[in-house]
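Q: Need coordinates for the following:
(one chain, ligands or ions: 1)
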Amino acid sequence: MRYSGFRVIAEALTGHKGWKPVWRDPTPQAEYDYIIIGGGGHGLATAYYLAKEFGQARIAVLEKGYLGGGNVGRNTTIIRSNYLLDGNEPFYEFSLKLWEGLEQDFNYNAMVSQRGIINLIHTDAQRDAATRRGNAMIMHGADARLLSRDEVRQMYPWLNFDNARFPIKGALMQPRGGTVRHDAVAWGYARGADQRGVDLIQNCEVTGMRIENGRIKGVETTKGFIGAKKVGVAVAGSSSKVMAHAGMRLPIESHVLQAFVSEGLKPLIDGVMTFGAGHFYVSQSDKGGLVFGGDIDGYNSYAQRGNLPVIEDVAEGGMALMPAIGRVRLLRSWGGIMDMSMDGSPIIDKTGIDGLYFNGGWCYGGFKATPASGWAFAHLLAKDEPHKTATAYRFDRFLKGLMIDEKGQGAQPNLH
Ligand SMILES: Cc1cc2nc3c(=O)[nH]c(=O)nc-3n(C[C@H](O)[C@H](O)[C@H](O)COP(=O)(O)OP(=O)(O)OC[C@H]3O[C@@H](n4cnc5c(N)ncnc54)[C@H](O)[C@@H]3O)c2cc1C
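A: Residues are numbered from 1 along each chain as shown. Take a look at the predicted model:
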């Protein structure tokens, strides 16, 4: 079933009786060529590109809950490619280019909105760093603009420009950054993968891996054993738990990240704004709610809910930046489990077990990476070699000291 404006009008006039479920509910087969564990954005995108771009078949995605119930449906929907380092920028710019054509590609309205993102600057040293980052972005074919204090004031006159600790001195802007309706991304990839014959198997938790003579043979699941020639793991916050089935310990910690939505307001913020110095970032949803967040909860956890100290910290950050929100009511908050790597950058790599591949360590920035991550992981699975934009995302970088530490924070996952 293709979507079109005519179809929407025809369905509206005939009582919406013609819509069909957009993916099947298949029974698992005994064996597949490829099993992808995790039906989040990255797992679904991997299956989609494996079938569409790399011509592979006999693919299943195994999801322990429902499609899109993990971080892909819990994030604050920001996309951007404003990275500094060589290992990162080409990958995230590739991702942004894929976002730009995604809706046409999978014929699904994911509400890709390139409304622009600004990172606020508060000191001269920060302006130097932002200039350097902007130049690195431009050199990699991305877009960047340095905004003066007056230009920021023209955009958002109600910001607290003269905060004693964090006066606003300008911003680094990426006009092509923005937001995407997160769960629609999962649905669009799921629908596209299903149309290409991928079995999307929900309520199917992977509980073990069968490995014989250093080679993966398949996975144990709550629906029984399923054989596979190759297995790709893309389970984000559950990475350590799932890879433990293969006897691997990862350079990853799991932490909670919370997000918040306020009651609906009249249009106030037409782009995305980050206030890194105060641990606060914000955009406004199409329904009018302020969508905002801040730092991760500072302890390891697999619980998809957060704690009060971070709520207080985020609210303080918001009040320091935009005191006008002091009387706005909070409508909803939730948490997701972050796969925090030791240098803040992801891993897309083979493992020491033949046929077992890993994708994770996305920290709190994996949503914007979804298309490139899926493409690069599919490339690795199909060709057994890394995609050219993901060559740095290897396990052994921690062994060799080749960390991709975008923030320069060191091996401190809770600071990335
Ligand atoms: C509050 C919040 C805000 C965020 N904001 C942003 C943002 O603005 N921009 C951005 O780029 N990123 C953001 N992120 C990060 C981003 O959401 C994640 O990095 C990304 O979604 C992770 O990849 P995924 O979509 O595949 O993960 P998930 O959707 O979590 O997918 C993993 C799936 O694996 C499944 N699974 C786990 N264990 C098993 C098992 N044993 N068997 C089978 N299935 C299993 C899970 O149920 C889950 O569905 C945010 C995250 C959160 C929580």
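Q: what does this protein put close to the ligand?
A: Proximity of the chain to the ligand (C-beta under 6 Å from any ligand atom) is limited to residues 37-43, 62-65, 69-72, 74-78, 205-206, 234-238, 242, 257-259, 293, 336, 362, 364-368. Where C-beta positions appear, they are placed from N, C-alpha and C, glycine not excepted.
Q: Please spell out the PyMOL selection for the buried subset of those.
A: Buried members of the residues of the chain next to the ligand, defined by 16 or more other C-beta atoms under 10 Å, are picked up in PyMOL with:
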select buried, resi 37+38+39+40+41+42+43+62+63+64+69+70+71+72+74+75+76+77+78+205+206+234+235+236+237+238+242+257+258+259+293+336+362+364+365+366+367+368
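Q: Among the residues of the chain next to the ligand, which are located in helices?
A: 41-43, 242 (DSSP state H).
Q: now the residues you listed as TSV including pLDDT?
A: Listed next are these as TSV, based on pLDDT from 0 to 100:
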residue	pLDDT
Gly41	98
His42	98
Gly43	98
Val242	98
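Q: which two from the residues you listed end up farthest apart in space?
A: Greatest spatial distance in those: Gly41 and Val242, 16.6 Å, computed using C-beta to C-beta.
Q: And the residue of the stretch 1-150 of the chain that's closest to the ligand?
A: Proximity to the ligand, evaluated over the stretch 1-150 of the chain using C-beta to the nearest ligand atom, is greatest for Gly40 at 1.9 Å.
Q: dump the residue contacts of the residue nearest the centre of the chain.
A: What sits nearest the mean C-alpha location of the chain, by C-alpha atoms, centre = their mean, is Phe367, with 1.5 Å. Counting by C-beta atoms under 8 Å, 6 or more residues apart in numbering, Phe367 touches 41, 71-72, 75, 77-79, 180, 182, 185.
Q: cool, and Leu321?
A: Contacts of Leu321 (C-beta under 8 Å, 6+ apart): 120, 159-160, 163, 166, 273, 275, 278, 280, 282.
Q: for Gly306, same thing?
A: Here Gly306 is in contact with 256-258, 297, 333, 335 (criterion: C-beta under 8 Å, 6+ apart).
Q: would you list those in a markdown table and tack on distance to Pro175?
A: Formatted as a markdown table, the contacts of Gly306 follow (distance: C-beta to C-beta, whole Å):
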| residue | distance to Pro175 |
| --- | --- |
| Val256 | 32 |
| Leu257 | 26 |
| Gln258 | 28 |
| Asp297 | 33 |
| Ser333 | 30 |
| Gly335 | 31 |
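Q: And those residues, which is closest to the ligand?
A: Leu257 (4.3 Å).
Q: quick one: that closest one and Ser333 touch, right?
A: No: using C-beta atoms under 8 Å, Leu257 makes no contact with Ser333, being 11.2 Å away.
Q: which residues of this structure score low on pLDDT?
A: 1 (pLDDT under 70).
Q: Spell out the residue ranges of the helices in it.
A: Secondary structure of the chain (DSSP H): helices located at 5-13, 41-52, 89-106, 124-139, 149-155, 182-195, 239-244, 308-321, 370-383, 397-400.
Q: what comes up buried for the third one?
A: Right, helix 89-106. Result for helix 89-106 [16+ other C-beta under 10 Å]: buried residues 89-99, 102-103, 105-106.
Q: Tell me the one of the contacts of Gly306 nearest Val112?
A: Set against Val112, the nearest of the contacts of Gly306 by C-beta to C-beta is Leu257 (22.6 Å).
Q: Bridged to the closest one, which residues?
A: For Leu257, the beta-bridge partners are Ile296, Gly336 (DSSP bridges).
Q: for it, what are its contacts?
A: Counting by C-beta under 8 Å, 6+ apart, Leu257 touches 293, 296-297, 306, 335-336, 338, 364.
Q: ditto for Asn75
A: 182, 259, 336, 364, 366-367.
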